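Novice: fold the following and give me the result.
(one chain, ligands or ions: 2)
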Amino acid sequence: MLYSMNLRISDRNAVVIGGGKVAHRKVLGLLDAGAKVKVVSPDLTSELMGLAEAGEISWQPEQYTKKVLEGAFLVIAATNDSETNLQVKKDALPHQLVNLADNPEESDFQVPSVIKRGKLTIAVSTSGASPVLAKKICTQMEQMFDEQYESYLEFLAASRKEIKVSVKDEAIKRRLLRTIADESFMKDPDRKQRFARLLEEAISEEGR
Ligand SMILES: C[C@@]1(CC(=O)O)C2=NC(=C\c3[nH]c(c(CCC(=O)O)c3CC(=O)O)Cc3[nH]c(c(CC(=O)O)c3CCC(=O)O)/C=C3\N/C(=C\2)[C@@H](CCC(=O)O)[C@]3(C)CC(=O)O)/[C@H]1CCC(=O)O
Ligand SMILES: NC(=O)c1ccc[n+]([C@@H]2O[C@H](COP(=O)([O-])OP(=O)(O)OC[C@H]3O[C@@H](n4cnc5c(N)ncnc54)[C@H](O)[C@@H]3O)[C@@H](O)[C@H]2O)c1
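Specialist: Ligands and ions are numbered 1, 2, ... in the order given. From the prediction side, this is the model:
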């Protein structure tokens with residue numbers, strides 16, 4: 001069984017070994033999360049070359065050696081040589097998190113298929129059974145959880161903050177938090193006013 005979590009990696013060192021299309025996909029995810037990315041590979045796809053030229057990633061144009069792992073928090077071995085990928089896992093220190101693009105069993109972590117809607121993240125994993133299915137499920141979910149969720153999550157975050165500072169009674173607090181998570185709030189263009197009224201009522205209910 002794998003343990004699911006969302007890792008904060010901004011400004012952490014990530015090393016990607018290999019410069020093909022799989023490495024490129026992993027690099028984009030790491031950059032989105034704000035990691036400092038180094039790619040180690042004798043060659044790069046044109047997309048990765050563009051990122052190197054733009055200074056978004058650093059490129060070490062050489063074959064893998066153990067030394068490149070120094071200082072890495074997270075390591076992705078995505079070469080097309082399974083022996084090299086396995087060697088990366090053997091060389092890494094126990095506290096370095098290693099993913100092997102061709103070997104789910106030997107990986108410390110696996111990368112899920114992901115949908116992002118602002119603060120909302122939906123991640124789908126099949127534990128390595130079928131990455132294609134993971135992607136397919138995400139594609140289906142993309143329609144269910146459309147772009148409206150981005151502003152809805154902003155509303156939820158702000159409203160929850162207000163509830164936490166203004167309401168002391170645990171039962172009332174819970175009721176409000178559940179109410180704003182109702183689908184009708186997601187669809188209501190006047191949800192801010194509706195929430196303001198509810199909050200006011202709750203505060204006076206508490207004062208009684
Ligand atoms: C979800 C996603 C995330 C990402 O990579 O960012 C991801 N793979 C994606 C796509 C994809 N992967 C493959 C194809 C080609 C299929 C085809 O057509 O043949 C496509 C389709 C495509 O590229 O479109 C083949 C493949 N994948 C792995 C192996 C090796 C093996 O299993 O032994 C092989 C066989 C290679 C071969 O047969 O040669 C291994 C892994 N792939 C994983 C994740 C991890 C398990 C996640 C899970 O189980 O849920 C894991 C274990 C390791 C890891 O990478 O962490 C991403 C979708 C992104 C999106 O949502 O858009
Ligand atoms: N995890 C996934 O999502 C996924 C998806 C498809 C394929 N795969 C697997 O991922 C691997 C890479 O796939 P790809 O399509 O990117 O391959 P690719 O052939 O396009 O790229 C491989 C890259 O690795 C580099 N490389 C090879 N040996 C190296 C070494 N010793 N040191 C440094 N770099 C080295 C090559 O120069 C090249 O840049 C394959 O093993 C494939 O089976 C994984």
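Novice: can we go C-alpha only for contacts and neighbour counts from here?
Specialist: Will do.
Novice: longest helix in the chain, please.
Specialist: Secondary structure of the chain per DSSP state H: the longest helix is helix 148-166.
Novice: mind giving me the packing neighbours of that one?
Specialist: Where contact means 3 or more C-alpha pairs under 8 Å, 6 or more residues apart in numbering; DSSP states H and E, helix 148-166 is packed against strand 120-124, helix 170-180, helix 183-187, helix 191-207.
Novice: and of those, who's closest to L69?
Specialist: Closest approach to L69 among the helices and strands packed on helix 148-166 (C-alpha to C-alpha): strand 120-124, 27.5 Å.
Novice: can you tell me if that closest one touches ligand 2.
Specialist: No: against ligand 2, strand 120-124 shows no contacts by C-alpha under 6 Å from any ligand atom, the least distance being 13.2 Å.
Novice: buried residues in that strand?
Specialist: Within strand 120-124, the residues that count as buried by 16 or more other C-alpha atoms under 10 Å are A123, V124.
Novice: state the next helix or strand along the chain beyond that strand.
Specialist: Downstream of strand 120-124, the next assigned helix or strand under DSSP states H and E is helix 131-144.
Novice: show the contacting residues for the nearest residue to D91 once chain neighbours are set aside.
Specialist: Spatially, and ignoring its direct neighbours in sequence, D91 is nearest to K66 (6.1 Å; C-alpha to C-alpha, 6 or more residues apart in numbering). Shown in contact with K66 (C-alpha atoms under 8 Å, 6 or more residues apart in numbering): V88, D91, A92.
Novice: quick one: pLDDT of the second one?
Specialist: Spelled out, that is D91. For D91, the pLDDT comes out at 98.
Novice: what bridges to the residue nearest to L86 when sequence neighbours are not counted?
Specialist: Nearest residue to L86 in three dimensions, chain neighbours excluded: L100, at 7.3 Å (C-alpha to C-alpha, 6+ apart). Applying DSSP bridges to L100 gives these bridge partners: A77.
Novice: separation between L100 and ligand 2?
Specialist: According to C-alpha to the nearest ligand atom, to the nearest Å, L100 stands 7 Å off from ligand 2.
Novice: is stretch 54-72 positioned near ligand 2?
Specialist: Yes: with C-alpha under 6 Å from any ligand atom as the criterion, ligand 2 is reached by stretch 54-72 at Q63, Y64.
Novice: buried sites along that stretch?
Specialist: So stretch 54-72, judged by 16+ other C-alpha under 10 Å, has buried residues I57, S58, W59, Q60, Y64, V68, L69, A72.
Novice: identify the farthest-apart pair in the residues you listed.
Specialist: Farthest pair in the buried residues of stretch 54-72, by C-alpha to C-alpha: I57 and Y64, 17.0 Å.
Novice: tell me the pLDDT at E162?
Specialist: pLDDT at E162 comes out at 96.
Novice: my read: T121 touches P112, true?
Specialist: No: with contact defined as C-alpha atoms under 8 Å, T121 does not reach P112; the gap is 11.1 Å.
Novice: circling back to that earlier point, residues contacting the residue nearest to L86?
Specialist: So L100 contacts I76, A77, A78, N85, L86, K89, E106, S107 (C-alpha under 8 Å, 6+ apart).
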